[in-house]
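Q: The following comprises the amino acid sequence and a computationally predicted model.
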Amino acid sequence: MQPANHNVIQQGGTPIRLWTQGVPVDEKAHDQLIKASQMPFIYKWLAVMPDVHVGIGATIGSVIPTKEAIIPSAVGVDIGCGMMAVQTTLNANDLPDNLHGLRCELEKAIPHGRSKVRGRGSNRDKGAWSNPTDTVLDGWKTLTDDFNLLCEKHPRLKNTNNLNHLGTLGTGNHFVEICLDEHQQVWIMLHSGSRGVGNAIGRYFIELAREDMRKWFINLPDKDLAYFPEGTEHFDDYWFAVGWAQRFAFKNREIMMENAIKAVREVINKPFDAKVKAVNCHHNYVAKEEHYGEEVFVTRKGAVRAKVGEYGIIPGSMGAKSFIVRGKGNEESFCSCSHGAGRVLSRTEAKKRFTVADQIAQTEGVECRKDKDVIDEIPSAYKDIEAVMHAQRDLVEVVHTLRQVVCVKG
């Protein structure tokens, strides 16, 4: 029997299961889903999360299971983007009354996007390291051999932001936050991916896939759905490259978290543990998994794996709640859930529609940037996180509800 809180549509391709009741799905995203469902190698159906919105090729907030093929643009260019959170033994009373100093310390500790970097001059250059720390160099040692193998075959990937982006934040919706849970315990949470090198890998292989489609005279409902068939040279190379980028992203978050914890210790003298219920999960990636008795490739573009008992993170916007969740293992969603609230306005539209005064009002009580360069991240640009959570109530259960008190944006 079909569960009450998801719908099924089918318009010429495989079925599409949508966990979107009570949340908006724009027409462009709907059209993208229909086109993706027409690809001949989709396994069973597409699963659509409540934060779904238009992307390149495939919608963000979709789960695309495939047999014997992978669509690089469905993984995207922010390969391995995801979340990490740790619960500390600190509580709200341990935080300083004025949180500005804590935000500045986090900004000093983690190179990030568009912000001017304060202090420790020669070590930082906005969103990149000019002189990587020992922690970064140690992390790079675990990645360097496979990166060199990748670059031997694809030399264009060598001169990219790789080592100097490891342990850095980036721009857009990437962030580092200090949050309080329902018991007033302090959490450190961050969001980032494979940075410049992952972007270069994604763009490079998306173009290779398009070239292969032209070479083989394959017509597609959308050129951004270009794919690699399993067993071809470019498939094997992409599988190797995307796996490497996902490992880079995972290590990137680990290094940033280590530096964030050090930054908090600089401000708060009280000893504390910061490894309670640590979570580190991707939400832009592809993996081999078994579903309905068969091994398939599962691409989650803006979606988190939510197997039975598996922890995940679903963040809201700068002024909304976030959630630590535990998966229910719903097979109809291929054991997945949303990766956040999901945008309802493009960045350009948000900047046109809102002012700095709106940003200040909507982020009241949060120590964060409140200037014109972050208006595109205003809470009103996102869907209602409560509605998003309600729509996926059969996918995850909420373990902790967080509210941010400090937010660092690139």
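A: On my side now, so go ahead. Numbering: from 1, shown residues only.
Q: ok, Lys352 to Lys370 distance?
A: Between Lys352 and Lys370 the distance, using C-beta to C-beta, to the nearest Å, works out to 18 Å. No exception for glycine: its C-beta is placed from N, CA and C like everyone else's.
Q: who does the longest strand seen in the chain touch, helix- and strand-wise?
A: The longest strand of the chain (DSSP state E) is strand 396-409. Under the contact criterion of 3 or more C-beta pairs under 8 Å, 6 or more residues apart in numbering; DSSP states H and E, strand 396-409 touches helix 100-109, strand 175-180, strand 185-192, strand 311-314, strand 321-327.
Q: The second one vs strand 321-327, what angle?
A: Just to be clear, that refers to strand 175-180. Computed by axes from the mean of the first three to the mean of the last three C-alpha atoms, to 10 degrees, the angle separating strand 175-180 from strand 321-327 equals 90 degrees.
Q: do the third one as well
A: Between the direction of strand 185-192 and that of strand 321-327, the angle (the same axes, to 10 degrees) works out to 80 degrees.
Q: elements contacting the helix or strand following strand 185-192?
A: As assigned by DSSP states H and E, the chain's next helix or strand after strand 185-192 is helix 195-215. Secondary-structure packing of helix 195-215 (3+ C-beta pairs under 8 Å, 6+ apart): helix 72-75, strand 228-229, helix 233-267.
Q: Show me which parts of helix 195-215 are buried, residue by residue.
A: Using 16 or more other C-beta atoms under 10 Å as the test for burial, helix 195-215 gives 195-202, 204-206, 208-210, 212-213.
Q: relative to helix 233-267, how tilted is that helix?
A: Put simply, helix 195-215 runs at 160 degrees to helix 233-267, going by the same axes, to 10 degrees.
Q: quick thing: my sequence starts at 35, can you match it?
A: I'll keep to 35 as the first residue from here, and by that count the last item is helix 229-249.
Q: Average pLDDT for helix 229-249, rounded please.
A: Averaged across helix 229-249, pLDDT comes to 96.
Q: ok, Glu431 - how many residues close by?
A: Using other C-beta atoms under 10 Å, Glu431 has 12 neighbouring residues.
Q: from what I can see it touches Asn364, true?
A: No - applying C-beta atoms under 8 Å, one finds Glu431 not in contact with Asn364, separated by 11.3 Å.
Q: any common contacting residues for the two?
A: Common contacts of Glu431 and Asn364 (C-beta atoms under 8 Å, 6 or more residues apart in numbering): none found.
Q: For the host helix or strand of Glu329, name the packing helices and strands.
A: Assigned by DSSP H and E, Glu329 belongs to strand 328-335. Other helices and strands packing on strand 328-335, by 3+ C-beta pairs under 8 Å, 6+ apart, are strand 94-100, strand 103-104, helix 106-109, strand 318-325.
Q: With mean neighbour count, distance to Ile76 and mean pLDDT added, can I get those in JSON lines?
A: Converted to JSON lines, the helices and strands packed on strand 328-335 look like this (neighbours: other C-beta atoms under 10 Å; distance: least, C-beta to C-beta, whole Å; pLDDT from 0 to 100):
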{"stretch": "strand 94-100", "mean neighbour count": "26", "distance to Ile76": "6", "mean pLDDT": "97"}
{"stretch": "strand 103-104", "mean neighbour count": "20", "distance to Ile76": "9", "mean pLDDT": "98"}
{"stretch": "helix 106-109", "mean neighbour count": "28", "distance to Ile76": "11", "mean pLDDT": "96"}
{"stretch": "strand 318-325", "mean neighbour count": "18", "distance to Ile76": "13", "mean pLDDT": "98"}
